[in-house]
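Predicted coordinates and the sequence they were generated for:
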Amino acid sequence: MVAKKSLTADQYSEFENKYNCARMSTTDRGALMLAAVESLEREMELVCLTGVEDRLQDAVTTTLEALRHAGVKVLPIALSNTLGT
């Protein structure tokens, strides 16, 4: 999944401060850094989804149908046809 979010200078500054404090922490550094990043991962605009369809995996067809019904454009690309295999 690729998504984007525009931040104001103040929002970025707030994130940067949280993240840098988390990076310098001597306890729970990983959890604090993750919390700082996750604080941005809300209300984002979906740009695109990427993936590989594997017909051997369970529910691939159901998942693709759900994406189509949700208005997501699903473009099948057969690399085997373009690579000559």
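Structure's in. What do you need? Given the structure is predicted, the values throughout are model-derived calculations rather than measurements.

Assumed Asn20 was part of a helix.
Yes: the assignment for Asn20 is a helix, going by DSSP: H, G, I helix; E, B strand; the rest coil.

shift numbering so it begins at 695
Renumbered: residue one is now 695, and that last one reads Asn714.

Could you tell me the per-residue confidence at it?
What the model reports as pLDDT for Asn714 is 96.

same thing with Val696?
Residue-level confidence at Val696 comes out at 84, pLDDT.

Enumerate every residue touching it.
By CB atoms under 8 Å, 6 or more residues apart in numbering, the residues touching Val696 are 740-744. (Glycine included, C-beta is placed from N, CA and C.)

Kindly report the same for Asp722.
Here Asp722 is in contact with no residues (criterion: CB under 8 Å, 6+ apart).

what's the distance between it and Val731?
Asp722 sits 14 Å away from Val731, taking CB to CB, to the nearest Å as the criterion.

out of the contacts of Val696, who's nearest Val768?
Checking the contacts of Val696 against Val768 with CB to CB, the nearest one is Leu743 at 8.3 Å.

Test my guess that the closest one contacts Leu758.
No: counting by CB atoms under 8 Å, Leu743 stays clear of Leu758, with 10.4 Å between them.

Which one's more surrounded, those two?
Neighbours of Leu743 and Leu758, each counted by other CB atoms under 10 Å, are more numerous for Leu758; the result is 15 against 12.

Tell me if the more buried one really is in a strand.
No: following the definition three-state DSSP, Leu758 is helix and is not counted among the residues of a strand.

That one is in contact with Val768, isn't it?
Yes: with the criterion set as CB under 8 Å, Leu758 and Val768 qualify as a contacting pair; they are 5.6 Å apart.

shaky segments in this structure?
For the chain, applying pLDDT under 70 flags the ranges 746-750, 771-779.

just the strands in it please.
Along the chain, the segments classed as strands by DSSP state E run 696-698, 739-742.

For these, could you give me JSON lines that also reports distance to Lys712?
As requested, the strands of the chain are exported to JSON lines (distance: least, CB to CB, whole Å):
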{"stretch": "strand 696-698", "distance to Lys712": "20"}
{"stretch": "strand 739-742", "distance to Lys712": "22"}
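
Show me the one of those that comes nearest Met727.
Closest approach to Met727 among the strands of the chain (CB to CB): strand 696-698, 19.4 Å.
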